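Trainee: below is the sequence, then the predicted model.
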Amino acid sequence: MVRLNDLPRFSLLIMSLLFLLLALWTGLVRLGWDTTWLQSRLVLDHGPLMVCGFLGTLISLERAVALGRWWGYIAPFMAGIGSLELAVGLPAGPGMLLIALGGLGLVTIFIFIIVKQPTLFTMTMGLGAGAWFVGNALWLTGRAIPQIAHWWIGFLVLTIVGERLELNRFLAPSRYTKSTFCIGLGLFLSGLIVMSAIPVQGNRILGIGMVALTLWLARYDVARFTVQRKGLPRFIALCLFGGYAWLGIGGLIRLFSVPLEIAGSPVYLVYDATLHSIFLGFVFSMIFAHAPIIFPAVAGRPMAFRRVFYCHVVLLHMSLIVRIAGDLTGSFSAYRCGGLLSVIALLMFLADSMYGMAAGQREAKALNSHGAPSL
């Protein structure tokens, strides 16, 4: 039973998950699987539904829950309603405007947070919110998605890296550690800005920045200690390291994308490899890692960890290896098969998460029925 005060965040969580399902469906159509009755415009909105509808709404909701202020929910509400307008086939303009306002709302949340807590990790996540808003605003002005996709990548990479930096503070990082992070961050931000004006050079700088952040995370993230533990901590750490590997691969593909195109791999397949190594490999590895923590916090319900969670993690990585190998060798069949396996992996993730939530509910009820242990 959902409590009345949990209803807004629970509704937004369900809405974001529905956008994920719709994005997976449109992704299958773009891969060439036959669902011909789907609206043609909706197929073009595959990226916005995934980045803004699912990830934007979910990340904004997480920030609103952590903020604990009623006005924080305006950001996920705007992003969710705007994405819903796209999903039901209404004119795109109002939906795009609402999504842009959702990005502005997330920036407002981080301005409030940074004023109260001016740290490197809050500023990094605030820059991520700013990148989302810039990408949304440029999309609203009529820029094509390939022209603004790097800003959406910036949103997700900076948000995730900022969250990992926040956890890293418990290790009391040295001045050298912070300085090397700032170098990688500076390269990444420079790549975002330069790419908007000089795409080829900006793409290379962005790739170098992604590789630099990957090396920093692999060297300094707290996961290098938690991977030695058992159960959920090890699962989270392994997911994180898998995600970091895909961030590095995405950076290398960006760095060498022009030679790959010259070598004969079609341009759209190289573009596909650069996007999905980040949006699927990096981002969803992070989601897999943090779902046992974030979903209970947002939904207000416990989630039990089960070893079956490793199944969707392994399948996602295998599917991406097949897909990106197909991208870089020009094999359309491998590209399609890898994409299909990725969709299956994400559906498995949703099923495993529901199973974990149900198991967590049962364990909580069993604990309550036996009473709290005496001290």
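Mentor: Sure, I can see it. Residues are numbered from 1 along each chain as shown.
Trainee: what separates stretch 242-252 from the chain centre, distance-wise?
Mentor: In this view, stretch 242-252 has its centroid 14 Å away from the chain centroid, taken as CA atoms, centre = their mean, to the nearest Å.
Trainee: now do stretch 312-326
Mentor: On CA atoms, centre = their mean, the centre of stretch 312-326 falls 17 Å from the chain's centre.
Trainee: go through that stretch and flag the buried ones.
Mentor: Across stretch 312-326, burial judged by 16 or more other CB atoms under 10 Å covers His312, Val313, Leu315, Leu316, His317, Ser319, Leu320, Val322, Arg323, Ile324, Gly326. All C-beta atoms are positioned from the backbone trio N, CA, C, and that covers glycine.
Trainee: which residue packs closest to the fifth one, ignoring adjacent ones?
Mentor: Read that as His317. Gly242 (5.9 Å; CB to CB, 6 or more residues apart in numbering).
Trainee: let me have the buried residues of stretch 312-326 in JSON lines, extended by secondary structure and pLDDT.
Mentor: Shown next, in JSON lines, are these (DSSP: H, G, I helix; E, B strand; the rest coil; pLDDT from 0 to 100):
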{"residue": "His312", "secondary structure": "helix", "pLDDT": "96"}
{"residue": "Val313", "secondary structure": "helix", "pLDDT": "96"}
{"residue": "Leu315", "secondary structure": "helix", "pLDDT": "97"}
{"residue": "Leu316", "secondary structure": "helix", "pLDDT": "97"}
{"residue": "His317", "secondary structure": "helix", "pLDDT": "97"}
{"residue": "Ser319", "secondary structure": "helix", "pLDDT": "96"}
{"residue": "Leu320", "secondary structure": "helix", "pLDDT": "96"}
{"residue": "Val322", "secondary structure": "helix", "pLDDT": "96"}
{"residue": "Arg323", "secondary structure": "helix", "pLDDT": "94"}
{"residue": "Ile324", "secondary structure": "helix", "pLDDT": "94"}
{"residue": "Gly326", "secondary structure": "helix", "pLDDT": "91"}
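Trainee: against Leu165, how distant is Thr124?
Mentor: For Thr124, the distance to Leu165 (CB to CB, to the nearest Å) stands at 6 Å.
Trainee: show the contacting residues for Gln78.
Mentor: In this structure residue 78 is Met, not Gln. Leu98, Ile99, Leu101, Gly102, Gly105 (CB atoms under 8 Å, 6 or more residues apart in numbering).
Trainee: tell me which of those fall in helices.
Mentor: Leu98, Ile99, Leu101, Gly102, Gly105 (DSSP state H).
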